[in-house]
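Peer 1: Fold the following and give me the result.
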Amino acid sequence: MTNSKNTQEENNFDTQNESTVAKPRDFHETLASIPAVNHQRVQEAWAKIRPGFTHKIIVLDDDPTGVQTVHGVSVYTDWSEDTIERGFREENQIFFILTNSRAFTADETRKVHKDIAERAEKVSRKFNRPYILVSRGDSTLRGHYPLETEVLKETIEQTASTNIDGEVLLPFFKEGGRLTIDNIHYVLQNDTLVPAGETEFAKDRTFGYRSSHLGDWIEEKTEGRYKKEDILYISLDSLRNMELDAIAAQLMEVRDFGKIVVNAIEEDDVRVFAAALITALKNGKRFIFRTAAAFTKVIGDISSRPLLTRGELIDKDAKTGGLVIVGSHVQKTTDQLNELKTVESLHFIEFDAHLVLQEEAFLEETERVRLEAEKMVAAGVSTVIFTKRKRLDLGPGLEEEELKLSVKISDAVTSIVRNFSLRPKYLIAKGGITSSDVGTKGLCVKRADVAGQISPGIPVWKTGEESTFPFIPYVIFPGNVGAVSTLKDVVLTLEGK
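Peer 2: Numbering: from 1, shown residues only. Now for the predicted structure:
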């Protein structure tokens, strides 16, 4: 094993001297230049270390897409003490709490995370079982960072009189083409690795950023409180060389909520890091995690399973059509919607969300869309409701008013689902916030089982018995995932075509 002190010095030296002006890279050339994973050695190390890890794993999901790598786990849509206790009582080691905090204001986010941390700490003491909190965020770096993890840290430290030593940042998510190489986070687009800071996601109106190098990004987001050169970087070379002792030793040295950036391009990279992490946790270290969906699957030791089939999801006696709700306004979603429109057997309804500026007309529009959709679904025709593709823009300085209007639009869309007079054979919601609101306000889900994925990175819930449509297959389709044809492919799978 490599000496940990030397590895740390080399990592810091490389970081200080590398250019942080990230440039696009050829995907295949880049992968060819990186040492291959020794899968057998990784599995052997994991099989030796993982069984001794018994912490309860609580994943706080800032939108419903965080279950896009797992199956056979529970998702709860509230965070009461009773719910957290229910999660601790489960036989499963891991459970998810859908906070949907990416749709919250900063103040709302602060309160929710304070409440969860206090309750998790209380329940942990009651059951005398240690736990970790994973803040599952967007793999393209959007969301309330560093607010969420800082509130968790501060609350736990105040409640438990203990120290949180560090924060692990691991945004890798292979199914979505989000890879971290040389500490730079990339988004795969047509065989080109595009630095995340150069994508449309970095231009998000609420959670935008400039940096692609994760050290720079942390420094940017924390307004300089954490410096790029003070961050611990876990390199791909260290992971591929299986330097478990060295990585664990590095983690043991982290204190004062120091930041740890993990490079990864394969799930086994995460598994090697997690093996070293477990050693540090067993030795008393405490960390908060800000990660994408890959880490939750690995740390939860959840197996891979084949993609879900129509036969596993659709009742063979179903006579109604399916219902698809498209709300996300990212370009990828619009492109996927346009491709879906080539399926002639579907019925399409545009919901003119701009009428939200005229209260009476907006109510009439909501009713018109629902009645037309009900008529078609009852006739066995699967129907797609999509919001007007042009985003409502009131002009500079009116972002708060736009947010209020977007909530009204979301409430109207979810009311269509909640008040739907018949059960569709399936339901798809496109977009993170859209899928959360449809799930919690439209379907009124309190707890759901994650059945698996219907396409890479696209999870399916089976709703609970308390929901508007019990046990319906509910496809949560992230706005930023998939190729142009993926939405069409998913619908055609469910349609049996």
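Peer 1: remind me which residues of this protein are low pLDDT?
Peer 2: Along the chain, segments meeting pLDDT under 70 span 1-19, 399-400.
Peer 1: Tell me the spacing between the residue nearest the centre of it and Val407.
Peer 2: Nearest to the mean C-alpha position of the chain, by C-alpha atoms, centre = their mean, lies Gly66 at 3.3 Å. Distance of Gly66 to Val407, computed by C-beta to C-beta, to the nearest Å: 22 Å. (C-beta placed from N, C-alpha, C; glycine too.)
Peer 1: returning to what we had before: so for the residue nearest to the centre of the chain, what's the nearest residue that isn't a sequence neighbour?
Peer 2: Closest residue in space to Gly66, ignoring its immediate chain neighbours: Arg136 at 3.9 Å, by C-beta to C-beta, 6 or more residues apart in numbering.
Peer 1: For that neighbour, what are phi and psi?
Peer 2: Here is the backbone geometry of Arg136 (degrees, to the nearest 10): phi -80, psi 110.
Peer 1: That one: neighbour count?
Peer 2: 26 (other C-beta atoms under 10 Å).
Peer 1: is it true that it touches Ala292?
Peer 2: Yes. The pair Arg136 and Ala292 qualifies as a contact (C-beta atoms under 8 Å) at a distance of 7.1 Å.
Peer 1: any common contacting residues for those two?
Peer 2: Common neighbours of Arg136 and Ala292, counting by C-beta atoms under 8 Å, 6 or more residues apart in numbering, are absent.
Peer 1: helix, strand or coil for the residue nearest to Tyr474 when sequence neighbours are not counted?
Peer 2: The shortest distance from Tyr474 to any non-neighbouring residue, by C-beta to C-beta, 6+ apart, is to Trp461 (4.4 Å). Under DSSP: H, G, I helix; E, B strand; the rest coil, Trp461 falls in the strand class.
Peer 1: ok, back up a step: Thr99 versus the residue nearest to Gly66, what's the distance?
Peer 2: From Arg136 to Thr99 the distance is 9 Å (C-beta to C-beta).
Peer 1: Contact partners for Arg255?
Peer 2: Contacts of Arg255 by C-beta under 8 Å, 6+ apart are 163, 165-166.
Peer 1: Turn these into JSON lines, columns for secondary structure.
Peer 2: Converted to JSON lines, those look like this (three-state DSSP):
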{"residue": "Asn163", "secondary structure": "coil"}
{"residue": "Asp165", "secondary structure": "coil"}
{"residue": "Gly166", "secondary structure": "strand"}
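Peer 1: and the residue lying closest to Asp216 once chain neighbours are set aside, how many residues sit next to it?
Peer 2: Once flanking residues are discounted, Asp216 sits nearest to Thr20: 5.2 Å by C-beta to C-beta, 6+ apart. Other residues lying near Thr20 total 15 when counted by other C-beta under 10 Å.
Peer 1: what about the longest strand in the chain?
Peer 2: strand 447-455 (DSSP state E).
Peer 1: Check which helices and strands it sits against.
Peer 2: Secondary-structure packing of strand 447-455 (3 or more C-beta pairs under 8 Å, 6 or more residues apart in numbering; DSSP states H and E): strand 74-76, helix 310-313, strand 458-463, strand 473-477, helix 486-495.
Peer 1: Determine which residue of this structure is most distant from the centre point.
Peer 2: Distance-from-mean max, the chain, by C-alpha atoms, centre = their mean: Glu360 at 36.4 Å.
Peer 1: do you know how far that residue is from Lys388?
Peer 2: 18 Å.
Peer 1: next one: Glu243
Peer 2: 53 Å.
Peer 1: now do Ala249
Peer 2: 55 Å.
Peer 1: Of these two, which one has the most company?
Peer 2: Ala249 (20 against 14).
Peer 1: tell me the secondary structure for that one?
Peer 2: Ala249 ends up helix, using three-state DSSP.
Peer 1: got the end-to-end distance for stretch 82-97?
Peer 2: 13 Å (C-alpha to C-alpha, to the nearest Å).
Peer 1: Mind splitting the chain into its structural domains?
Peer 2: Annotated domains of the chain cover 4-299, 310-495 [automatic domain parsing].
Peer 1: Can you identify each of the helices in the stretch 301-450 of the chain by residue range?
Peer 2: 310-313, 331-340, 359-378, 399-418, 432-437 (DSSP state H, counting those that start in this stretch).
Peer 1: Comparing those, which comes out most buried?
Peer 2: For the helices of the stretch 301-450 of the chain, the largest average neighbour count (mean count of other C-beta atoms under 10 Å) is found in helix 432-437, namely a mean of 27.
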